[in-house]
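J.: Fold the stuff below for me.
(4 chains)
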2 protein chains.
Amino acid sequence: MPGDTRERIVAVARDLVHGASLSAVSIDDVCRAAGVHKGSLYHFFPSKDALGAAVLELNWAMMSTVLDEAFADDVAPLTRIDRFVDGFVRMLTLTRRQMDITPGCPLGNLTAELAARQGDIRARLVRILQAWTRYFADAISEARGRGEIEPTVDPNAAATRVLAHLQGLALLAKAHDDPDLVLSLKDDLPVLLSPAR
Amino acid sequence: MPGDTRERIVAVARDLVHGASLSAVSIDDVCRAAGVHKGSLYHFFPSKDALGAAVLELNWAMMSTVLDEAFADDVAPLTRIDRFVDGFVRMLTLTRRQMDITPGCPLGNLTAELAARQGDIRARLVRILQAWTRYFADAISEARGRGEIEPTVDPNAAATRVLAHLQGLALLAKAHDDPDLVLSLKDDLPVLLSPAR
DNA sequence: CCCTCACTTGACTGAACGGTCAAGCAGGGC
DNA sequence: GCCCTGCTTGACCGTTCAGTCAAGTGAGGG
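T.: Numbers count the residues shown, from 1 in each chain, chains lettered A, B, ... in the order given. So this is what the prediction gives:
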């Protein structure tokens, strides 16, 4: 299978990083887990940072998949957000079963770890977070158009609120080792989508 | 000055860690910055993990100070939360000026980094987060008693909501390199403290 | 005056780290 | 049959890491 090695390396690296952190996972760890020699890895990636960037992209690709499924317009817009939360929690629960720890949001973790670095990587992180916010904003906007939430609500501000809330809950879930904590986002949604007073 | 060295080591370590992460800061870095030799550091701390634990305690002590000041009962309970947000953002802004990066929440960062480890450290993190939540819960409870928020609001659930929101905003602030993002918590507060619907 | 003990010094260790490289290998095109 | 090219191999390098240790130093107490 050509082109298989690179993908396997990134996939394995993502899993290891998701269960710990970028800095906690060494190149040797990745090679061992992927059944690949170091020179081979460095054939595809010029540096550990480059591998880290690839892991970030894979995480975003996986999150995009969950987002695209959840935000399909076969249900009401606010139901889509609920559906996404379910998918997100399912992701956490699955990793918890495999790794015996609650991993937190893969993108949130990388943001926390990499945002302090200067360079393109932070710009990319911001872009990803913005793209993520847009999923929420679009659904909120549509719900507002249908009269399901107050017309005075700013969809973008509300979407940022939802993302921040999700990230915070994911962090608490990681600390408490309980993915279900994130489920409370569904209860909090009506509150988060109500107008400021 | 007796007992000074240990404190200086922890203080310096905290600053370095706050600007990056525990794993990104080496024992040598700390020694260099504190003007101390390695054997001296290991006289006080049996391991890097022990130093990390001390850094966590110092961060909580500093946060406690900000919390105690903000939550003094010389103003209305909801005003205290606003005051805490101001203090928190001031903390971020100060570090940003010194380090040229927005550091995020010191406790949130450590939570993200250490929660995956098994052992006492996660238990301690959870306890700290609970103690933090209690500050919010007490103020919310008092505000409810004064009729400033709806009686159907559960102070503990609302407090957790506020903490999650704060952590999420701190993460976004770090990503966007803009401490002021956290200020929007003050606008979001009425929303977060309104009853579920 | 000297002993004790908390603290400091600075050189040291062994392992792990990210990264390099010359040599090989296999398959596809000429 | 040959070479080119994409990929693999496994040994190797220099650095940095957390952690150790034997030998000091100096102040306070008896």
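J.: Strands along chain A, start to end?
T.: Taking DSSP state E, chain A contains no strands at all.
J.: most centrally placed residue in it?
T.: Geometric centre of chain A, nearest residue: A:Leu107, 4.0 Å, by Cα atoms, centre = their mean.
J.: Is it correct that that residue is in contact with A:Asn59?
T.: Yes: judged on Cβ atoms under 8 Å, A:Leu107 makes contact with A:Asn59 at a distance of 5.5 Å. No exception for glycine: its C-beta is placed from N, CA and C like everyone else's.
J.: Which residue is it, in chain A, that comes closest to DNA strand D?
T.: A:Gly39 (2.2 Å; Cβ to the nearest atom of the strand).
J.: and that residue, how far is that from A:Thr133?
T.: 41 Å (Cβ to Cβ, to the nearest Å).
J.: the more surrounded of those two?
T.: A direct count of neighbours by other Cβ atoms under 10 Å in any protein chain shown for A:Gly39 and A:Thr133 places A:Thr133 higher, at 20 against 8.
J.: Pull the number of nearby residues for the residue nearest to A:Leu192 when sequence neighbours are not counted.
T.: Distance criterion Cβ to Cβ, 6 or more residues apart in numbering or on different chains; nearest residue to A:Leu192, sequence neighbours excluded, is A:Arg161 at 5.1 Å. Other residues near A:Arg161 number 29, with proximity taken as other Cβ under 10 Å.
J.: hang on, isn't A:Arg161 packed against A:Pro195?
T.: No: contact criterion Cβ under 8 Å: A:Arg161 and A:Pro195 do not qualify, at 11.7 Å.
J.: For the closest residue in space to A:Ile101 that isn't next to it in sequence, list the residues it contacts.
T.: Spatially, and ignoring its direct neighbours in sequence, A:Ile101 is nearest to B:Ala116 (5.1 Å; Cβ to Cβ, 6+ apart). Going by Cβ atoms under 8 Å, 6 or more residues apart in numbering or on different chains, B:Ala116 touches A:Gly19, A:Ala20, A:Ser21, A:Ile101, A:Pro103, A:Lys174.
J.: closest to A:Phe84 among those residues?
T.: Nearest to A:Phe84 among these, counting by Cβ to Cβ, is A:Pro103 at 17.4 Å.
J.: Write out the residues of chain A neighbouring DNA strand C.
T.: Contacts of chain A with DNA strand C, taken as Cβ under 7 Å from any atom of the strand, map to A:Ser26, A:Ile27, A:Asp28, A:Asp29, A:Lys38, A:Gly39, A:Tyr42, A:Pro46, A:Ser47, A:Lys48, A:Asp49.
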